[in-house]
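S.K.: build the 3D model from these lines:
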Amino acid sequence: PPPPPPPAALTVPAITREFRGMWIATVANIDWPSRTGLTAAQQQGELITLLDVAQATGLNAVVLQVRAAGDAIYPSSLEPWSRIFSGNQGGDPGYDPLAFAVQQARLRGLELHAWFNPFRAGNLSDTLRLSPQHFAMRRPDLVRKCGQLWFDPGEQAVQDHAIAVMRDVVQRYDVDAVHIDDFFYPYPDTCTNFPDAATYARYVQGGGTLSLGDWRRDNVNRFVERMYREVHTVSPLAKVGVSPFGIWRPGNPTGIVGLDAYASIYADSRKWLQSGWVDYFAPQLYWSIASTGQSFPALLNWWGQQNTQRRHLWPGLASYRVNTGAGPYSAGEIPSQVALIRDAAPTAGGASGSILYNGSSVRNNLGGFAASLAAGLYASGAIPPVSSWLDNSAPAAPSVSVATVSTNYVASLSSGSSDTWWYLVRWRANSSWRQRLVPVTQRTVDVPSGGVDAIVVNAVDRAGNASSDAVWRP
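M.R.: Numbers count the residues shown, from 1 in each chain. The predicted model follows:
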(Lines give C-alpha, C1' and ligand atoms only; values in the text may rest on other atoms or scores of the structure.)
Protein backbone atom coordinates (compact mmCIF):
# COMPACT_ATOMS: atom_id res chain seq x y z
CA PRO A 1 0.00 0.00 0.00
CA PRO A 2 1.16 3.55 -0.60
CA PRO A 3 2.59 5.35 2.43
CA PRO A 4 0.22 7.71 4.27
CA PRO A 5 0.36 11.32 3.10
CA PRO A 6 2.60 13.57 5.17
CA PRO A 7 0.79 15.78 7.69
CA ALA A 8 -0.20 19.22 6.54
CA ALA A 9 2.40 21.86 7.29
CA LEU A 10 1.83 23.49 10.66
CA THR A 11 2.01 27.22 11.24
CA VAL A 12 0.90 28.01 14.78
CA PRO A 13 -0.94 31.35 14.88
CA ALA A 14 0.01 34.06 17.32
CA ILE A 15 -1.95 34.07 20.55
CA THR A 16 -4.93 36.43 20.36
CA ARG A 17 -4.95 39.06 23.12
CA GLU A 18 -7.98 41.10 24.12
CA PHE A 19 -9.62 41.78 27.47
CA ARG A 20 -13.30 40.83 27.46
CA GLY A 21 -14.87 41.46 30.84
CA MET A 22 -18.26 41.65 32.53
CA TRP A 23 -19.25 43.29 35.80
CA ILE A 24 -21.37 41.26 38.23
CA ALA A 25 -23.07 43.71 40.61
CA THR A 26 -24.22 42.35 43.96
CA VAL A 27 -25.46 45.61 45.56
CA ALA A 28 -29.25 45.57 45.85
CA ASN A 29 -29.22 42.13 44.15
CA ILE A 30 -28.74 43.80 40.75
CA ASP A 31 -27.05 40.82 39.07
CA TRP A 32 -26.49 38.19 41.74
CA PRO A 33 -28.10 36.65 43.66
CA SER A 34 -31.39 37.58 41.99
CA ARG A 35 -33.08 38.08 45.37
CA THR A 36 -32.55 37.47 49.06
CA GLY A 37 -33.64 34.25 50.72
CA LEU A 38 -32.35 31.80 48.12
CA THR A 39 -30.76 28.59 49.32
CA ALA A 40 -27.01 28.16 48.96
CA ALA A 41 -27.60 25.75 46.06
CA GLN A 42 -29.86 28.27 44.30
CA GLN A 43 -27.30 31.05 44.77
CA GLN A 44 -24.54 28.86 43.40
CA GLY A 45 -26.70 27.82 40.47
CA GLU A 46 -27.38 31.45 39.54
CA LEU A 47 -23.69 32.32 39.72
CA ILE A 48 -22.78 29.32 37.58
CA THR A 49 -25.34 30.51 35.01
CA LEU A 50 -23.70 33.95 34.87
CA LEU A 51 -20.24 32.40 34.47
CA ASP A 52 -21.51 29.99 31.80
CA VAL A 53 -23.03 32.92 29.92
CA ALA A 54 -19.77 34.84 30.15
CA GLN A 55 -17.86 31.86 28.75
CA ALA A 56 -20.41 31.24 25.99
CA THR A 57 -20.30 34.91 24.95
CA GLY A 58 -16.54 34.69 24.50
CA LEU A 59 -15.52 36.70 27.57
CA ASN A 60 -12.39 35.98 29.59
CA ALA A 61 -12.99 37.84 32.87
CA VAL A 62 -15.66 38.76 35.39
CA VAL A 63 -15.50 41.66 37.86
CA LEU A 64 -17.42 40.53 40.94
CA GLN A 65 -18.59 43.06 43.53
CA VAL A 66 -17.33 41.69 46.86
CA ARG A 67 -17.70 44.77 49.09
CA ALA A 68 -20.55 47.10 48.15
CA ALA A 69 -21.10 49.11 51.35
CA GLY A 70 -18.88 48.12 54.25
CA ASP A 71 -20.03 44.51 53.99
CA ALA A 72 -18.67 41.31 52.46
CA ILE A 73 -19.71 38.39 50.26
CA TYR A 74 -17.07 36.24 51.96
CA PRO A 75 -16.36 35.34 55.60
CA SER A 76 -14.54 38.29 57.16
CA SER A 77 -13.29 39.26 60.60
CA LEU A 78 -13.36 42.91 59.49
CA GLU A 79 -16.90 43.31 58.13
CA PRO A 80 -20.32 41.62 58.30
CA TRP A 81 -21.92 39.39 55.69
CA SER A 82 -23.79 41.32 53.01
CA ARG A 83 -27.59 41.29 53.28
CA ILE A 84 -27.86 40.15 49.64
CA PHE A 85 -27.97 36.53 50.78
CA SER A 86 -30.41 36.31 53.70
CA GLY A 87 -31.92 39.80 53.66
CA ASN A 88 -30.21 40.61 56.96
CA GLN A 89 -26.72 42.02 57.24
CA GLY A 90 -24.55 39.50 59.06
CA GLY A 91 -26.55 36.49 57.84
CA ASP A 92 -24.16 33.64 57.00
CA PRO A 93 -25.09 31.97 53.68
CA GLY A 94 -23.46 28.73 54.81
CA TYR A 95 -20.59 28.68 52.34
CA ASP A 96 -17.86 30.98 51.00
CA PRO A 97 -19.29 32.65 47.87
CA LEU A 98 -15.99 34.26 46.88
CA ALA A 99 -14.03 31.01 47.11
CA PHE A 100 -16.78 29.34 45.08
CA ALA A 101 -16.71 32.14 42.47
CA VAL A 102 -12.92 31.97 42.10
CA GLN A 103 -13.02 28.19 41.66
CA GLN A 104 -15.88 28.21 39.15
CA ALA A 105 -14.44 31.11 37.14
CA ARG A 106 -11.09 29.31 36.83
CA LEU A 107 -12.77 26.18 35.51
CA ARG A 108 -14.24 28.27 32.69
CA GLY A 109 -11.03 30.07 31.77
CA LEU A 110 -12.22 33.33 33.33
CA GLU A 111 -10.17 35.75 35.39
CA LEU A 112 -11.94 36.89 38.56
CA HIS A 113 -11.47 40.50 39.67
CA ALA A 114 -12.60 41.50 43.18
CA TRP A 115 -14.59 44.76 43.05
CA PHE A 116 -14.63 47.00 46.16
CA ASN A 117 -16.46 50.21 47.08
CA PRO A 118 -14.12 51.88 49.59
CA PHE A 119 -16.26 54.81 50.80
CA ARG A 120 -19.92 53.86 50.44
CA ALA A 121 -21.41 52.78 53.80
CA GLY A 122 -25.06 52.14 52.91
CA ASN A 123 -28.45 53.75 52.36
CA LEU A 124 -29.95 56.18 54.88
CA SER A 125 -32.59 53.56 55.65
CA ASP A 126 -29.81 51.19 56.66
CA THR A 127 -29.00 53.08 59.85
CA LEU A 128 -31.52 50.97 61.78
CA ARG A 129 -30.47 47.71 60.12
CA LEU A 130 -26.69 47.74 60.19
CA SER A 131 -24.92 44.84 61.83
CA PRO A 132 -23.07 45.68 65.07
CA GLN A 133 -19.93 44.49 63.23
CA HIS A 134 -20.36 47.14 60.51
CA PHE A 135 -17.60 49.76 60.56
CA ALA A 136 -20.21 52.53 60.64
CA MET A 137 -21.56 51.10 63.89
CA ARG A 138 -18.14 50.62 65.44
CA ARG A 139 -16.92 54.06 64.32
CA PRO A 140 -19.97 56.34 63.87
CA ASP A 141 -17.63 59.35 64.07
CA LEU A 142 -16.33 58.45 60.60
CA VAL A 143 -19.75 58.33 58.89
CA ARG A 144 -21.37 61.20 56.99
CA LYS A 145 -25.03 61.35 55.95
CA CYS A 146 -25.71 62.93 52.58
CA GLY A 147 -28.13 61.16 50.26
CA GLN A 148 -26.60 57.91 51.52
CA LEU A 149 -24.27 56.87 54.31
CA TRP A 150 -20.63 57.57 53.46
CA PHE A 151 -17.32 56.91 55.09
CA ASP A 152 -15.46 60.24 55.01
CA PRO A 153 -12.47 59.87 52.62
CA GLY A 154 -10.68 62.61 54.57
CA GLU A 155 -10.48 60.42 57.68
CA GLN A 156 -7.26 58.40 57.86
CA ALA A 157 -9.03 55.60 59.76
CA VAL A 158 -11.46 55.19 56.84
CA GLN A 159 -8.64 54.76 54.36
CA ASP A 160 -6.76 52.42 56.70
CA HIS A 161 -9.80 50.20 57.11
CA ALA A 162 -10.58 50.02 53.37
CA ILE A 163 -6.97 49.11 52.60
CA ALA A 164 -7.00 46.45 55.32
CA VAL A 165 -10.11 44.91 53.75
CA MET A 166 -8.45 44.76 50.33
CA ARG A 167 -5.24 43.30 51.73
CA ASP A 168 -7.25 40.64 53.56
CA VAL A 169 -8.96 39.49 50.36
CA VAL A 170 -5.76 39.44 48.32
CA GLN A 171 -3.99 37.46 51.05
CA ARG A 172 -6.73 34.83 51.35
CA TYR A 173 -8.02 34.45 47.78
CA ASP A 174 -6.30 33.96 44.43
CA VAL A 175 -8.14 36.84 42.78
CA ASP A 176 -6.64 38.10 39.54
CA ALA A 177 -7.22 41.77 40.33
CA VAL A 178 -8.51 44.35 42.80
CA HIS A 179 -11.00 46.78 41.26
CA ILE A 180 -12.77 49.98 42.35
CA ASP A 181 -15.39 51.96 40.47
CA ASP A 182 -16.48 55.62 40.33
CA PHE A 183 -17.80 56.20 43.88
CA PHE A 184 -15.42 58.48 45.77
CA TYR A 185 -17.21 61.55 47.09
CA PRO A 186 -20.99 61.48 46.42
CA TYR A 187 -22.41 62.48 43.04
CA PRO A 188 -24.13 65.89 43.16
CA ASP A 189 -27.52 64.46 42.19
CA THR A 190 -27.70 62.80 45.60
CA CYS A 191 -25.56 65.10 47.75
CA THR A 192 -24.80 68.77 47.13
CA ASN A 193 -22.95 69.66 50.35
CA PHE A 194 -20.87 66.82 51.74
CA PRO A 195 -20.65 67.34 55.53
CA ASP A 196 -16.91 67.10 56.06
CA ALA A 197 -16.35 70.63 57.42
CA ALA A 198 -15.01 69.34 60.74
CA THR A 199 -12.58 66.98 58.99
CA TYR A 200 -11.32 69.80 56.77
CA ALA A 201 -11.05 72.22 59.71
CA ARG A 202 -8.88 69.70 61.54
CA TYR A 203 -6.66 69.48 58.45
CA VAL A 204 -6.27 73.28 58.31
CA GLN A 205 -5.62 73.51 62.04
CA GLY A 206 -2.85 70.98 61.55
CA GLY A 207 -1.13 73.32 59.08
CA GLY A 208 -2.77 72.16 55.84
CA THR A 209 -2.90 74.77 53.08
CA LEU A 210 -4.91 73.09 50.31
CA SER A 211 -8.31 74.48 49.32
CA LEU A 212 -11.33 72.32 50.16
CA GLY A 213 -11.55 70.96 46.60
CA ASP A 214 -7.82 70.27 46.31
CA TRP A 215 -7.83 68.62 49.75
CA ARG A 216 -10.68 66.30 48.75
CA ARG A 217 -8.91 65.39 45.51
CA ASP A 218 -5.72 64.76 47.46
CA ASN A 219 -7.59 62.41 49.80
CA VAL A 220 -8.73 60.34 46.82
CA ASN A 221 -5.34 60.54 45.10
CA ARG A 222 -3.57 59.27 48.19
CA PHE A 223 -6.00 56.41 48.49
CA VAL A 224 -5.61 55.28 44.86
CA GLU A 225 -1.82 55.45 45.05
CA ARG A 226 -1.76 53.56 48.37
CA MET A 227 -4.16 50.91 47.09
CA TYR A 228 -1.89 50.27 44.11
CA ARG A 229 1.21 50.05 46.29
CA GLU A 230 -0.23 47.91 49.09
CA VAL A 231 -2.07 45.40 46.87
CA HIS A 232 1.20 44.76 45.06
CA THR A 233 3.03 44.42 48.36
CA VAL A 234 0.75 41.51 49.22
CA SER A 235 0.46 40.06 45.71
CA PRO A 236 2.92 41.54 43.19
CA LEU A 237 1.13 40.00 40.19
CA ALA A 238 -2.49 40.79 41.09
CA LYS A 239 -3.65 43.61 38.84
CA VAL A 240 -5.15 46.84 40.20
CA GLY A 241 -7.95 48.41 38.15
CA VAL A 242 -10.02 51.58 38.44
CA SER A 243 -13.24 52.35 36.57
CA PRO A 244 -13.92 56.10 36.88
CA PHE A 245 -16.64 58.26 35.37
CA GLY A 246 -15.95 58.43 31.63
CA ILE A 247 -15.37 62.21 31.44
CA TRP A 248 -12.34 63.62 33.26
CA ARG A 249 -13.41 67.26 32.77
CA PRO A 250 -15.84 68.85 30.29
CA GLY A 251 -14.01 70.18 27.24
CA ASN A 252 -11.56 67.27 27.25
CA PRO A 253 -11.60 66.62 24.36
CA THR A 254 -13.18 69.64 22.70
CA GLY A 255 -16.96 69.39 22.45
CA ILE A 256 -17.44 67.07 25.44
CA VAL A 257 -20.01 68.30 27.95
CA GLY A 258 -21.40 66.76 31.12
CA LEU A 259 -20.50 66.15 34.73
CA ASP A 260 -17.17 67.53 35.93
CA ALA A 261 -15.97 64.53 37.95
CA TYR A 262 -12.78 66.41 38.85
CA ALA A 263 -14.72 69.17 40.60
CA SER A 264 -17.87 67.37 41.80
CA ILE A 265 -16.78 63.92 43.02
CA TYR A 266 -13.11 64.99 43.31
CA ALA A 267 -11.78 62.28 41.02
CA ASP A 268 -8.63 63.39 39.21
CA SER A 269 -8.71 60.18 37.20
CA ARG A 270 -6.29 61.33 34.50
CA LYS A 271 -3.65 61.79 37.21
CA TRP A 272 -4.03 58.17 38.34
CA LEU A 273 -3.57 56.92 34.79
CA GLN A 274 -0.60 59.13 34.04
CA SER A 275 1.05 58.40 37.40
CA GLY A 276 0.93 54.65 36.74
CA TRP A 277 -1.24 53.98 39.82
CA VAL A 278 -3.30 51.45 37.86
CA ASP A 279 -2.59 48.32 35.89
CA TYR A 280 -5.80 48.80 33.96
CA PHE A 281 -8.09 51.77 33.52
CA ALA A 282 -11.75 51.31 32.60
CA PRO A 283 -13.44 54.70 32.09
CA GLN A 284 -17.20 54.26 31.96
CA LEU A 285 -17.95 55.33 28.38
CA TYR A 286 -21.68 54.82 28.77
CA TRP A 287 -22.67 56.83 25.69
CA SER A 288 -23.39 55.90 22.11
CA ILE A 289 -21.24 56.35 19.05
CA ALA A 290 -23.81 58.83 17.70
CA SER A 291 -23.86 60.96 20.85
CA THR A 292 -22.57 64.50 20.29
CA GLY A 293 -21.99 65.96 23.76
CA GLN A 294 -20.48 62.70 25.02
CA SER A 295 -19.02 61.15 21.88
CA PHE A 296 -17.89 57.57 22.45
CA PRO A 297 -15.21 57.66 19.70
CA ALA A 298 -13.87 61.05 20.84
CA LEU A 299 -13.59 59.97 24.48
CA LEU A 300 -12.07 56.61 23.50
CA ASN A 301 -9.35 58.31 21.48
CA TRP A 302 -8.76 61.03 24.10
CA TRP A 303 -8.19 58.54 26.89
CA GLY A 304 -5.75 56.66 24.68
CA GLN A 305 -3.80 59.90 24.21
CA GLN A 306 -3.68 60.41 27.99
CA ASN A 307 -2.32 56.90 28.55
CA THR A 308 1.30 58.00 28.65
CA GLN A 309 2.35 55.12 30.92
CA ARG A 310 0.90 52.62 28.41
CA ARG A 311 -1.20 50.80 30.97
CA HIS A 312 -4.18 48.69 29.89
CA LEU A 313 -7.13 50.78 28.70
CA TRP A 314 -10.34 48.73 28.88
CA PRO A 315 -13.40 51.05 28.66
CA GLY A 316 -16.68 50.17 30.32
CA LEU A 317 -19.56 49.71 27.87
CA ALA A 318 -23.24 50.27 28.74
CA SER A 319 -24.73 46.99 27.58
CA TYR A 320 -27.53 47.51 30.13
CA ARG A 321 -28.83 50.34 27.91
CA VAL A 322 -29.44 48.16 24.85
CA ASN A 323 -33.09 48.34 23.78
CA THR A 324 -34.16 50.20 26.93
CA GLY A 325 -35.19 53.41 25.19
CA ALA A 326 -32.31 55.26 26.86
CA GLY A 327 -30.70 56.77 23.79
CA PRO A 328 -29.76 55.19 20.48
CA TYR A 329 -28.71 51.83 21.90
CA SER A 330 -29.73 49.40 19.23
CA ALA A 331 -28.63 45.77 19.32
CA GLY A 332 -25.66 46.66 17.14
CA GLU A 333 -24.29 49.45 19.38
CA ILE A 334 -22.12 47.28 21.63
CA PRO A 335 -20.54 45.23 18.80
CA SER A 336 -19.86 48.51 16.98
CA GLN A 337 -18.15 49.91 20.06
CA VAL A 338 -16.08 46.74 20.45
CA ALA A 339 -15.03 47.11 16.79
CA LEU A 340 -13.92 50.72 17.40
CA ILE A 341 -11.92 49.61 20.43
CA ARG A 342 -10.26 46.90 18.36
CA ASP A 343 -9.37 49.49 15.73
CA ALA A 344 -7.74 51.62 18.45
CA ALA A 345 -5.63 48.76 19.85
CA PRO A 346 -2.59 49.24 17.55
CA THR A 347 -2.31 52.92 18.55
CA ALA A 348 0.17 53.72 21.32
CA GLY A 349 -1.84 53.86 24.53
CA GLY A 350 -4.95 52.64 22.74
CA ALA A 351 -7.60 50.41 24.24
CA SER A 352 -7.08 46.64 24.15
CA GLY A 353 -10.41 45.40 25.49
CA SER A 354 -13.58 46.38 27.30
CA ILE A 355 -15.89 45.52 30.21
CA LEU A 356 -19.66 45.11 29.87
CA TYR A 357 -22.04 46.52 32.45
CA ASN A 358 -23.75 44.44 33.55
CA GLY A 359 -24.03 40.68 34.00
CA SER A 360 -27.81 40.70 33.72
CA SER A 361 -27.70 42.36 30.32
CA VAL A 362 -25.36 39.65 29.05
CA ARG A 363 -27.43 36.85 30.60
CA ASN A 364 -30.64 38.29 29.13
CA ASN A 365 -28.92 38.90 25.77
CA LEU A 366 -30.63 42.29 25.40
CA GLY A 367 -31.56 42.83 21.78
CA GLY A 368 -29.40 39.83 20.89
CA PHE A 369 -26.14 41.75 21.44
CA ALA A 370 -24.42 38.95 23.39
CA ALA A 371 -25.26 36.36 20.75
CA SER A 372 -23.98 38.77 18.11
CA LEU A 373 -20.64 39.09 19.92
CA ALA A 374 -20.40 35.32 20.42
CA ALA A 375 -20.99 34.62 16.74
CA GLY A 376 -18.93 37.54 15.47
CA LEU A 377 -16.21 39.60 17.12
CA TYR A 378 -15.79 37.17 20.03
CA ALA A 379 -16.15 33.95 18.01
CA SER A 380 -12.41 33.28 18.24
CA GLY A 381 -10.94 32.93 21.71
CA ALA A 382 -8.65 35.51 23.29
CA ILE A 383 -6.69 35.79 26.51
CA PRO A 384 -6.02 39.07 28.37
CA PRO A 385 -3.04 41.20 27.32
CA VAL A 386 0.29 40.89 29.12
CA SER A 387 0.97 43.21 32.08
CA SER A 388 4.66 43.42 31.20
CA TRP A 389 5.48 46.08 33.83
CA LEU A 390 4.55 43.56 36.55
CA ASP A 391 6.56 40.70 35.03
CA ASN A 392 8.03 40.17 31.58
CA SER A 393 9.58 36.73 32.03
CA ALA A 394 7.78 33.91 30.25
CA PRO A 395 7.38 30.52 31.93
CA ALA A 396 9.03 27.42 30.52
CA ALA A 397 7.10 25.44 27.95
CA PRO A 398 4.91 22.67 29.40
CA SER A 399 5.08 19.00 28.57
CA VAL A 400 2.14 17.45 26.71
CA SER A 401 1.28 13.84 25.96
CA VAL A 402 -1.89 12.71 24.21
CA ALA A 403 -3.94 9.53 24.43
CA THR A 404 -7.04 8.51 22.48
CA VAL A 405 -10.16 7.75 24.51
CA SER A 406 -13.29 6.98 22.50
CA THR A 407 -13.85 9.97 20.18
CA ASN A 408 -11.57 12.31 22.14
CA TYR A 409 -7.93 13.06 22.44
CA VAL A 410 -6.99 13.45 26.10
CA ALA A 411 -4.05 15.80 26.51
CA SER A 412 -2.08 15.34 29.73
CA LEU A 413 -0.28 18.51 30.80
CA SER A 414 2.71 19.09 33.04
CA SER A 415 4.14 22.49 33.89
CA GLY A 416 7.80 23.26 33.51
CA SER A 417 7.59 26.35 35.75
CA SER A 418 6.29 27.02 39.25
CA ASP A 419 4.84 30.33 38.06
CA THR A 420 2.43 28.78 35.53
CA TRP A 421 -1.13 29.99 36.23
CA TRP A 422 -3.00 28.76 33.14
CA TYR A 423 -2.60 26.37 30.25
CA LEU A 424 -3.70 27.68 26.87
CA VAL A 425 -4.71 24.64 24.81
CA ARG A 426 -5.26 25.19 21.08
CA TRP A 427 -6.02 22.64 18.42
CA ARG A 428 -6.43 22.65 14.64
CA ALA A 429 -9.40 20.72 13.30
CA ASN A 430 -10.18 20.75 9.58
CA SER A 431 -7.95 23.80 9.11
CA SER A 432 -9.73 25.83 11.85
CA TRP A 433 -8.19 26.69 15.22
CA ARG A 434 -10.04 26.46 18.54
CA GLN A 435 -8.84 27.01 22.08
CA ARG A 436 -9.48 26.58 25.79
CA LEU A 437 -7.86 28.25 28.77
CA VAL A 438 -7.67 25.97 31.82
CA PRO A 439 -6.15 26.47 35.28
CA VAL A 440 -2.77 24.91 36.04
CA THR A 441 -4.49 22.61 38.55
CA GLN A 442 -6.29 20.90 35.66
CA ARG A 443 -3.91 18.25 34.38
CA THR A 444 -5.92 16.82 31.49
CA VAL A 445 -7.98 18.40 28.71
CA ASP A 446 -10.38 16.59 26.38
CA VAL A 447 -10.22 17.59 22.70
CA PRO A 448 -12.73 16.15 20.18
CA SER A 449 -10.51 14.15 17.85
CA GLY A 450 -12.47 14.60 14.63
CA GLY A 451 -10.27 16.27 12.04
CA VAL A 452 -7.63 17.30 14.58
CA ASP A 453 -4.10 17.28 13.21
CA ALA A 454 -2.31 19.38 15.86
CA ILE A 455 -2.58 20.30 19.54
CA VAL A 456 -0.53 23.23 20.87
CA VAL A 457 -0.14 24.07 24.56
CA ASN A 458 1.35 27.20 26.13
CA ALA A 459 2.00 27.85 29.81
CA VAL A 460 0.71 31.29 30.87
CA ASP A 461 1.71 33.06 34.09
CA ARG A 462 -0.35 35.50 36.21
CA ALA A 463 0.98 38.52 34.32
CA GLY A 464 -0.12 36.95 31.04
CA ASN A 465 3.32 35.95 29.71
CA ALA A 466 3.12 32.85 27.52
CA SER A 467 5.73 30.17 27.02
CA SER A 468 6.93 28.83 23.71
CA ASP A 469 4.66 26.31 21.98
CA ALA A 470 4.52 22.68 23.06
CA VAL A 471 3.26 20.89 19.93
CA TRP A 472 1.76 17.43 19.56
CA ARG A 473 0.82 15.94 16.20
CA PRO A 474 -0.90 12.60 15.57
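S.K.: contacts and neighbour counts: CA atoms only from here.
M.R.: Noted.
S.K.: now do the same end-to-end measure for stretch 185-192.
M.R.: 10 Å (CA to CA, to the nearest Å).
S.K.: going by neighbour count, list what's buried in that stretch.
M.R.: Neighbour-count burial for stretch 185-192, counted by 16 or more other CA atoms under 10 Å, picks out 185, 186, 187.
S.K.: that one - what's its average pLDDT?
M.R.: Across stretch 185-192, pLDDT averages out at 95.
S.K.: and residue 341, how close does it get to residue 315?
M.R.: Noted for residue 341: a distance of 8 Å to residue 315, by CA to CA.
S.K.: residues that sit against both of the two, list them.
M.R.: Jointly contacting residue 341 and residue 315 under the rule CA atoms under 8 Å, 6 or more residues apart in numbering are 300, 351, 353, 354.
S.K.: give me the neighbour count for the last one.
M.R.: So the one you mean is residue 354. Applying other CA atoms under 10 Å, we find 25 residues neighbouring residue 354.
S.K.: helices or strands up against the host helix or strand of it?
M.R.: Counting by DSSP states H and E, the element that carries residue 354 is strand 353-356. If contacts are counted by 3 or more CA pairs under 8 Å, 6 or more residues apart in numbering; DSSP states H and E, strand 353-356 sits against strand 19-24, strand 316-317, helix 333-344.
S.K.: gap between the last one and the chain center?
M.R.: Its chain's C-alpha centre lies 18 Å from the corresponding centre of helix 333-344 when counted by CA atoms, centre = their mean, to the nearest Å.
S.K.: same deal with the first one?
M.R.: Using CA atoms, centre = their mean, we find the averaged C-alpha position of strand 19-24 to lie 6 Å away from the chain's own average C-alpha position.
S.K.: could you shift the numbering so residue one becomes 51, and keep it that way?
M.R.: Sure thing, new numbering starts at 51, so read that last one as strand 69-74.
S.K.: give me the contacts around the helix or strand containing residue 263.
M.R.: Applying DSSP H and E as the criterion places residue 263 in helix 262-284. Identification of contacts with helix 262-284 by CA under 8 Å, 6+ apart yields 203-204, 209, 213, 216-217, 220-221, 228, 234, 250, 288-290, 312-313, 316-318, 322, 327-328.
S.K.: who has more neighbours out of residue 391 and residue 365?
M.R.: Each of residue 391 and residue 365 has its neighbours counted (other CA under 10 Å); residue 365 has more, 29 against 22.
S.K.: so what's that one up against?
M.R.: Counted by CA under 8 Å, 6+ apart, residue 365 has contacts 331, 332, 333, 334, 335, 350, 401, 403, 404, 405.
S.K.: for it, give its distance to residue 304.
M.R.: Using CA to CA, one obtains 20 Å as the distance from residue 365 to residue 304.
S.K.: cool, and residue 227?
M.R.: 34 Å.
S.K.: looking at the two, which is more packed in?
M.R.: More neighbours surround residue 227 than the other of residue 227 and residue 304, with 21 against 11 (other CA under 10 Å).
S.K.: quick one, helices of the stretch 101-250 of the chain?
M.R.: Under the criterion DSSP state H, counting those that start in this stretch, the stretch 101-250 of the chain contains helices at 147-157, 185-188, 206-222, 247-255.
S.K.: and these as a markdown table, adding mean pLDDT and distance to residue 198?
M.R.: Converted to a markdown table, the helices of the stretch 101-250 of the chain look like this (pLDDT from 0 to 100; distance: least, CA to CA, whole Å):
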| stretch | mean pLDDT | distance to residue 198 |
| --- | --- | --- |
| helix 147-157 | 98 | 26 |
| helix 185-188 | 96 | 12 |
| helix 206-222 | 98 | 16 |
| helix 247-255 | 98 | 17 |
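S.K.: need the buried residues of stretch 235-242 in CSV (columns: distance to residue 500).
M.R.: Compiled in CSV, the buried residues of stretch 235-242 are given as follows (distance: CA to CA, whole Å):
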residue, distance to residue 500
235, 57
236, 57
237, 57
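S.K.: closest to residue 508 among those?
M.R.: residue 235 (44.3 Å; CA to CA).
S.K.: that closest one against residue 318, yeah?
M.R.: No: if you go by CA atoms under 8 Å, residue 235 and residue 318 don't touch, sitting 11.8 Å apart.
S.K.: ok, back up a step: of the shared contacts of residue 391 and residue 365, which is the most crowded?
M.R.: residue 401 (30 neighbours).
S.K.: next one, pLDDT for that residue please.
M.R.: pLDDT at residue 401 comes out at 97.
S.K.: now it: how far from residue 144?
M.R.: 41 Å.
S.K.: so where do the helices sit in the stretch 301-450 of the chain?
M.R.: Under DSSP H, counting those that start in this stretch, the stretch 301-450 of the chain gives helices at 311-314, 319-324, 346-356, 383-394, 409-413, 419-425.
S.K.: report the rounded mean pLDDT for the second one.
M.R.: Read that as helix 319-324. Helix 319-324 comes out with an average pLDDT of 98.
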